[in-house]
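Q: From the sequence below, what's the structure:
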Amino acid sequence: MSLNKLNQVLTENVDELEKSGRAKGAEKVITQCILAQKGKGPRYLLEGYGNKEFIRMNSNSYLGLSLRKDMIEAEEKGAAEFGVGPGAVRFINGTFKSHTDLESRLAAFHGREAGMIFSSAYVTSIGVIFPMTTKETVLISDELNHNCIINAMRLGRPAGKEIYAHNNMEELEKALERSIGKGKRALVITDGIFSMRGDHAPLDEFVKVCEKFNDKFEEGVITIADDSHGVGAFGKTGRGTEEYTNAKVDILVGTLGKAFGVNGGYVVSSKEVVKYLRESAPTYIYSNPITVSESEAAIKALEIVDTPEGKDILAHLRAMTKKFDQGLRDLGLETIEGDHPVVPLMVRDSKKTSDIVRHLNEHGVLATGLNFPVVPKGDEEIRFQINASHTEKDIDMVLEILSNYK
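A: Numbers count the residues shown, from 1 in each chain. Coordinates of the predicted model:
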């Protein structure tokens with residue numbers, strides 16, 4: 001076979017990843033969901049573990065919406081009326097009214113003129129940054145930005161690139177000063193919530209620094225935030241890091257696949273920016289959109305968030321986050337201060353991180369250990385993610401299991 005030689009090389013590559021502790025390893029397969037009951041949140045059965053129940057402390061479904069009956073009914077209705085797939089990319093008759101309704105609702109939710117949905121948040125960032133980058137554009141990025149932003153920057157061929165230290169606004173200002181005269185346009189990009197740590201970008205300061213340099217570039221300084229972990233779960237009404245910091249960026253990327261509990265990504269901005277992206281974003285033009293059923297479920301999620309019940313869900317999420325964060329501190333464990341439901345346990349040692357994850361798994365807790373090179377050496381951690389479907393009993397149980405680790 002022509003693959004024989006390549007198979008050997010690839011096997012050696014994977015072996016090296018495994019030996020160095022960088023391999024992701026075999027994925028755990030969920031076979032059944034047991035709905036919340038008796039003061040406990042949802043539990044899950046895994047392939048190969050029999051009837052042992054697991055609590056998920058590594059889910060992005062921050063609001064716990066994906067298991068709600070009204071969400072499921074909305075998705076089923078969409079599938080019953082229009083089928084399970086869009087049938088084409090959007091410019092070839094793959095656009096449905098549910099898509100345009102969702103885009104309008106997302107724009108209104110974030111106080112923007114227009115919105116545009118993609119098949120995922122990852123391809124949204126690529127589909128925004130890549131076509132916005134010309135040969136006369138300077139790209140400036142936080143050093144801890146998500147992989148999607150890093151790869152989007154690699155795809156472009158800008159006039160220059162600058163990376164500033166994490167959330168360091170003085171370094172951002174210096175990066176902008178160095179970039180004057182190198183290009184007509186500057187794109188300054190940050191995560192809203194930094195997904196490995198749960199801390200947030202100081203968007204109020206971020207925007208002010210960038211505004212100081214707007215007149216120094218012929219086409220301006222354009223602020224872009226990917227707030228995929230923030231929208232829906234952060235801020236008093238779930239508007240994300242912008243609401244939390246009382247600021248607004250020029251272009252906001254979000255996701256439907258985390259707090260909103262569905263699938264897909266989106267961008268909101270001016271109508272001119274969105275119209276341009278519809279004509280130029282390859283990950284939009286050449287990829288199928290999310291399904292009608294997913295769009296209907298996402299619309300339902302937006303409706304829920306803006307109800308009194310939605311406010312209660314957010315309040316409960318904040319309370320459970322605070323309870324878990326304080327519980328870690330009471331155990332003498334290190335975490336990173338913040339109000340977002342990503343609560344990292346800073347272990348700072350690869351072997352110990354793996355050992356604690358194994359201990360948690362043995363006692364029915366699914367949590368994600370992050371080792372180098374996913375995080376820098378010395379920043380090894382276990383990323384816990386609190387969901388609104390978690391109860392006080394759930395939080396107490398996980399903290400007790402951690403307290404018994406030796």
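Q: With just CA atoms, put the helix or strand hosting Arg358 into CSV.
A: For Arg358, the host element (DSSP states H and E) is helix 350-362. Output in CSV follows, covering the C-alpha atoms of helix 350-362 (Å, rounded to 0.1, in the frame of the first residue of the first chain):
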residue,chain,number,x,y,z
SER,A,350,2.1,17.7,34.6
LYS,A,351,2.2,14.4,36.5
LYS,A,352,0.2,15.7,39.4
THR,A,353,-2.4,17.1,37.0
SER,A,354,-2.8,13.7,35.4
ASP,A,355,-3.0,12.0,38.8
ILE,A,356,-5.7,14.3,40.1
VAL,A,357,-7.8,13.9,36.8
ARG,A,358,-7.4,10.1,37.2
HIS,A,359,-8.6,10.4,40.9
LEU,A,360,-11.6,12.4,39.8
ASN,A,361,-12.5,9.9,37.0
GLU,A,362,-12.3,7.0,39.5
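Q: Now do the buried residues in it.
A: Neighbour counts over helix 350-362 (16 or more other Cβ atoms under 10 Å) mark Ser350, Thr353, Ser354, Ile356, Val357, His359, Leu360, Asn361 as buried. (C-beta placed from N, C-alpha, C; glycine too.)
Q: do stretch 300-311 as well
A: In terms of neighbour count (16+ other Cβ under 10 Å), stretch 300-311 has its buried residues at Lys300, Ala301, Leu302, Ile304, Val305, Gly310.
Q: picking that back up, out of the buried residues of helix 350-362, which is nearest to Asp191?
A: Within these, the smallest distance to Asp191 is 22.3 Å, found for Thr353 (Cβ to Cβ).
Q: you'd agree Ile180 is up against Asp215?
A: No: look at Ile180 against Asp215 with Cβ atoms under 8 Å: they stay out of range, at 10.4 Å.
Q: and the two? which has more neighbours close in?
A: Between Ile180 and Asp215, counted using other Cβ atoms under 10 Å, the more crowded position is Ile180 (12 against 9).
Q: Check the nearest residue to the more buried one once chain neighbours are set aside and give its pLDDT.
A: Of all residues not flanking Ile180 in the chain, Lys216 sits nearest, at 4.9 Å (Cβ to Cβ, 6 or more residues apart in numbering). As predicted, Lys216 sits at a pLDDT of 97.
Q: how many neighbours does Lys216 have?
A: Lys216 has 14 nearby residues by other Cβ under 10 Å.
Q: Now do the residue lying closest to His359 once chain neighbours are set aside against Phe384, distance only.
A: The shortest distance from His359 to any non-neighbouring residue, by Cβ to Cβ, 6+ apart, is to Tyr405 (4.9 Å). Between Tyr405 and Phe384 the computed distance is 14 Å (Cβ to Cβ, to the nearest Å).
Q: what's the answer for Gly220, then?
A: Relative to Phe384, Gly220 is positioned 40 Å away (Cβ to Cβ).
Q: what's around Gly160, how many residues?
A: Residues near Gly160, counting by other Cβ under 10 Å: 16.
Q: mind listing what it touches?
A: Neighbouring residues of Gly160 by Cβ atoms under 8 Å, 6 or more residues apart in numbering: Val138, Leu139, Ser179, Lys182, Gly183.
Q: Please produce a markdown table containing the buried residues of stretch 300-311, extended by distance to Arg43, pLDDT and secondary structure.
A: Formatted as a markdown table, these follow (distance: Cβ to Cβ, whole Å; pLDDT from 0 to 100; DSSP: H, G, I helix; E, B strand; the rest coil):
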| residue | distance to Arg43 | pLDDT | secondary structure |
| --- | --- | --- | --- |
| Lys300 | 25 | 98 | helix |
| Ala301 | 23 | 98 | helix |
| Leu302 | 28 | 98 | helix |
| Ile304 | 23 | 98 | helix |
| Val305 | 25 | 98 | helix |
| Gly310 | 25 | 97 | helix |
